[in-house]
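Colleague: predicted model follows, preceded by the sequence.
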Amino acid sequence: MKIVKVKDYEEMSQLAAEKVIEVMKRHQHPVLGLATGSTPERTYQILVEKYENNEVSFKHTTTFNLDEYVGLAPTNKFSYHYYMNHFLFDHVDIEKENVFIPNGLAENLEKECEAFEQAIKERGPIHLQLLGVGPNGHIGFNEPGTPFDSRTHVATLEEETRQANSRFFNSIDEVPKFALTMGIGTIMEAEEIILLVSGEHKKEILQQIIESDVTETIPATVLKTHPNATLITDLDI
Ligand code: F6R
């Protein structure tokens, strides 16, 4: 895994957006894997700015999001559907039928996971996957202990994750206990992966990712075995 040190959150976001655009220009029908959370917010804003300046079009782009909470409707402002519309999709020329986000309201969640995998199989491979990392090392909602060969599945969120994400909700009680997430095996099939790590609160996990052996206890360490993964961070390493 290549490590790129940048000076701040802005430079990290600029670099990530440039990488996304580079991949979009290289493919006639680009396929992007996208993350939510605080980390990529500025990256999406920059992509919207570039779109508005006619530097990039999403017309032929397909996107697959990593995850979605179980039980939240796309219109719920805490859902990842809502987040993606708010930060990116509502502002660019992407075709809504090319947007894939697991449906947390599906009656049969297992079937929803299978359909999501099938869509990646049909449209993929994912050319570039953006990732953030949780304080416990999770990628997507693959919590510590998730097998490296896991596919899209229903995940039980750890208390630490619910606590960390409660800042987006009115209270911790509103944070769902389950989510649908791309599996680690699914993520690892992306041709290229960018892991964004920013902010002092990620210092400890960043150190662990860099120093630890590859272990299911720290899911993000799996990226060290990917042939084209880059970690971009504004933290001192
Ligand atoms: C989000 C996701 C999560 C986040 C991680 C970091 O789609 O899959 O793994 O990337 O929890 O979240 P932030 O960026 O809010 O610190």
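Modeller: Okay, I see it. Residues are numbered from 1 along each chain as shown.

Colleague: could you measure from Val222 over to the ligand?
Modeller: Distance of Val222 to the ligand, computed by C-beta to the nearest ligand atom, to the nearest Å: 13 Å. All C-beta atoms are positioned from the backbone trio N, CA, C, and that covers glycine.

Colleague: quick one: residues contacting that residue.
Modeller: Ile139, Phe148, Ile184, Met188, Val214, Glu216 (C-beta atoms under 8 Å, 6 or more residues apart in numbering).

Colleague: so what does the fifth one look like in phi/psi?
Modeller: By that I understand Val214. In terms of degrees, to the nearest 10, the main-chain angles of Val214 are phi -70, psi 120.

Colleague: returning to what we had before: now the contacts of Val222 in CSV, with pLDDT and distance to the ligand?
Modeller: Output for these, formatted as CSV (pLDDT from 0 to 100; distance: C-beta to the nearest ligand atom, whole Å):
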residue, pLDDT, distance to the ligand
Ile139, 98, 6
Phe148, 98, 16
Ile184, 98, 11
Met188, 98, 15
Val214, 98, 18
Glu216, 98, 16
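
Colleague: neighbour-wise, which one of those leads?
Modeller: Of all these, the highest neighbour tally under other C-beta atoms under 10 Å goes to Ile139, namely 28 neighbours.

Colleague: that residue against Thr146, yeah?
Modeller: No. Judged on C-beta atoms under 8 Å, Ile139 makes no contact with Thr146 at a distance of 9.1 Å.

Colleague: which neighbours do the two share?
Modeller: Counting by C-beta under 8 Å, 6+ apart, the shared contacts of Ile139 and Thr146 are Ile184, Pro219.

Colleague: which residue packs closest to Ala73, ignoring adjacent ones?
Modeller: Nearest residue to Ala73, sequence neighbours excluded (C-beta to C-beta, 6 or more residues apart in numbering): Leu105, at 5.8 Å.

Colleague: what's near enough to touch the one you found?
Modeller: By C-beta under 8 Å, 6+ apart, Leu105 lies in contact with Gly71, Leu72, Ala73, Pro74.

Colleague: correct me if wrong: the first one contacts Pro176.
Modeller: The one in question is Gly71. Yes. Gly71 lies in contact with Pro176 (C-beta under 8 Å); the separation is 5.3 Å.

Colleague: these two - which one has more neighbours?
Modeller: Regarding Gly71 and Pro176, a neighbour count based on other C-beta under 10 Å identifies Pro176 as having more, with 17 against 13.

Colleague: what does the model give the more buried one for pLDDT?
Modeller: Looking at Pro176, its pLDDT reads 97.

Colleague: and it, what does it touch?
Modeller: Pro176 neighbours (C-beta under 8 Å, 6+ apart): Tyr69, Val70, Gly71, Leu72, Gly104, Leu157.
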